[in-house]
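Undergrad: Sharing a model prediction with you, sequence too.
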Amino acid sequence: MLPKVSGVPSSITPKESSRQQNVGSKLITEDYLRLMMCKGQNINYKPWKNVWSPRNPHSAFGDFPKTFHVRSPTSTKLTPIHEDSHARTMIKAFSSVGSGLGGKATTLNPKKLVFLPPTQIAGAVARRAINVSEFRRFYDRGDLPIKIDHQSSVSKIEWKISPEQLDYHHYLPIFLDGIREKMDPYRFLAIMGTNEMLEAGGSKILPVIPQLIIPLKTALNTRDPDVIQITLKILQKLVLSGEMIGEALVPYYRQLLPIFNIFKNSNKNMGDKIDYNQRKKLNLGDLVQETLELLEQTGGEDAFINIKYMIPTYESVVIN
């Protein structure tokens, strides 16, 4: 139980939070680790090929014209198998590609009934399509003062202009809008750029809070666990990046907290197994709880009653 304070909690400092939440530098490592584990389980894991996130452009100048696209045949024409001399008609047989049973795994065991929770049946936690972010458009046009530094073993970013000299009203919402991207280099640059701007922002961040609500809400509404994890970590860092930021977020709880209420209890019941996501701070239920506690500690007197209104199951961690 932590005492109630008006600013940043004394038990948590921005330096400690940035050291613990260095999420940008671990993204590529986590992708390779997940790819290796999926290979061992014979699972085809390709994060750049999914139906939710937009595809990368064909080149730096955009997509190729549709007339240059190579079309794959969808059907194979066979020779006539029957000919009626009286009617003089030809019956042509067509077979669709992939409709046969050759090479498909079969089993004699009946399918087991799977009972899904009501939230999955209703589609409350189903992923939504991720639209192209403003960060991708600006980066493809070369309007952002940032690039990747490949000189060291750990990927870093190189600023053409130091973050302290940037216009936060213009650039911070653009970088925050790119955290919902799942393709590199957009994802890596957006997350690392947002973290470094929050570390160097200081007093420049508080006036920009109203412009950051729509990017945060858009990222949370994707309902993609990977995107929500990154958004929650950045929200925690945003609250700890300066004074009065937690109190400035209180009027916008109705835009941010509905997704918190959906994923608050999304914890895995693994029995006696080990969930390494807890050590890596990737457990969605724990991240939601930590973020709510941090919002209450930094949100002032009206924070708890507003959180309780949106999330009735939340209990206060502050001693009144």
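TA: Nice, thanks for sending it over.
Undergrad: what's downstream of the helix or strand in which Asn195 is found, the next helix or strand?
TA: Using DSSP states H and E, Asn195 falls within helix 186-201. Scanning forward in sequence from helix 186-201 by DSSP H and E, the next helix or strand is helix 209-221.
Undergrad: Could you identify the helix or strand that succeeds that following helix?
TA: Per DSSP H and E, the helix or strand that comes after helix 209-221 is helix 225-240.
Undergrad: which secondary structure elements does the next helix or strand after that following helix contact?
TA: Using DSSP H and E, the helix or strand that follows helix 225-240 towards the C-terminus is helix 245-248. Where contact means 3 or more CB pairs under 8 Å, 6 or more residues apart in numbering; DSSP states H and E, helix 245-248 is packed against helix 225-240, helix 284-298. Using the backbone N, CA and C atoms, a C-beta is placed for each residue, glycine as well.
Undergrad: what's the next secondary structure element after helix 245-248?
TA: Per DSSP H and E, the helix or strand that comes after helix 245-248 is helix 253-263.
Undergrad: before we move on, back to that, save the helices and strands packed on helix 245-248 as JSON lines, and put in mean neighbour count, mean pLDDT and distance to Gly123 too.
TA: As requested, these are exported to JSON lines (neighbours: other CB atoms under 10 Å; pLDDT from 0 to 100; distance: least, CB to CB, whole Å):
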{"stretch": "helix 225-240", "mean neighbour count": "22", "mean pLDDT": "90", "distance to Gly123": "15"}
{"stretch": "helix 284-298", "mean neighbour count": "21", "mean pLDDT": "90", "distance to Gly123": "17"}
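Undergrad: any chance of those in CSV, plus distance to Glu158?
TA: Below are those laid out as CSV (distance: least, CB to CB, whole Å):
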stretch, distance to Glu158
helix 225-240, 21
helix 284-298, 30
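Undergrad: Which one of the ones you listed lies nearest to Lys66?
TA: Among the helices and strands packed on helix 245-248, the nearest to Lys66 by CB to CB is helix 225-240 (30.1 Å).
Undergrad: picking up where we left off before, angle of the helix holding Asn195 against helix 209-221?
TA: 150 degrees (axes from the mean of the first three to the mean of the last three CA atoms, to 10 degrees).
Undergrad: list the helices and strands helix 186-201 packs on?
TA: Looks like helix 186-201 contacts helix 14-20, helix 27-40, helix 134-141, strand 146-149, strand 156-159, helix 168-177, helix 225-240 (3+ CB pairs under 8 Å, 6+ apart).
Undergrad: Which among the helices and strands packed on helix 245-248 is found nearest to Ile259?
TA: Taking CB to CB, helix 225-240 is the member of the helices and strands packed on helix 245-248 nearest to Ile259, at 7.0 Å.
Undergrad: just checking, what packs against that closest one?
TA: helix 14-20, helix 186-201, helix 209-221, helix 245-248, helix 253-263, helix 284-298.
Undergrad: mind listing what's buried in the longest one?
TA: Neighbour counts using 16 or more other CB atoms under 10 Å place 186-198, 200-201 of helix 186-201 among the buried residues.
Undergrad: Nearest to Gly246, out of the residues you listed: which one, please.
TA: Looking across the buried residues of helix 186-201 and measuring by CB to CB, the closest to Gly246 is Leu198, at 13.7 Å.
Undergrad: which residues does the closest one contact?
TA: Residues counted as contacts of Leu198 (CB atoms under 8 Å, 6 or more residues apart in numbering) are Ile205, Ile234, Lys237, Leu238, Ser241.
Undergrad: again, but for Leu220
TA: Contacts of Leu220 (CB under 8 Å, 6+ apart): Val227, Ile228, Thr231, Leu256, Ile259.
Undergrad: Quick one: the residues you listed as TSV, columns for distance to Glu181 too.
TA: Listed next are the contacts of Leu220 as TSV, based on distance: CB to CB, whole Å:
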residue	distance to Glu181
Val227	9
Ile228	14
Thr231	12
Leu256	20
Ile259	18
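Undergrad: Tell me which two in the residues you listed are the farthest apart.
TA: So, those by CB to CB: farthest apart are Val227 and Leu256, at 14.1 Å.
Undergrad: Could you work out the end-to-end span of stretch 141-156 for me?
TA: One end of stretch 141-156 sits 21 Å from the other (CA to CA, to the nearest Å).
Undergrad: show me the contacts for Ser133.
TA: Ser133 touches Asp177, Gly178, Arg180, Glu181, Tyr186, Ala190, counting by CB under 8 Å, 6+ apart.
Undergrad: try 10 Å this time
TA: 54, 139, 174-181, 186-187, 190, 215, 218-219 (CB atoms under 10 Å, 6 or more residues apart in numbering).
Undergrad: re the thing from before, nearest to Arg127, out of the helices and strands packed on helix 186-201?
TA: helix 225-240 (8.4 Å).
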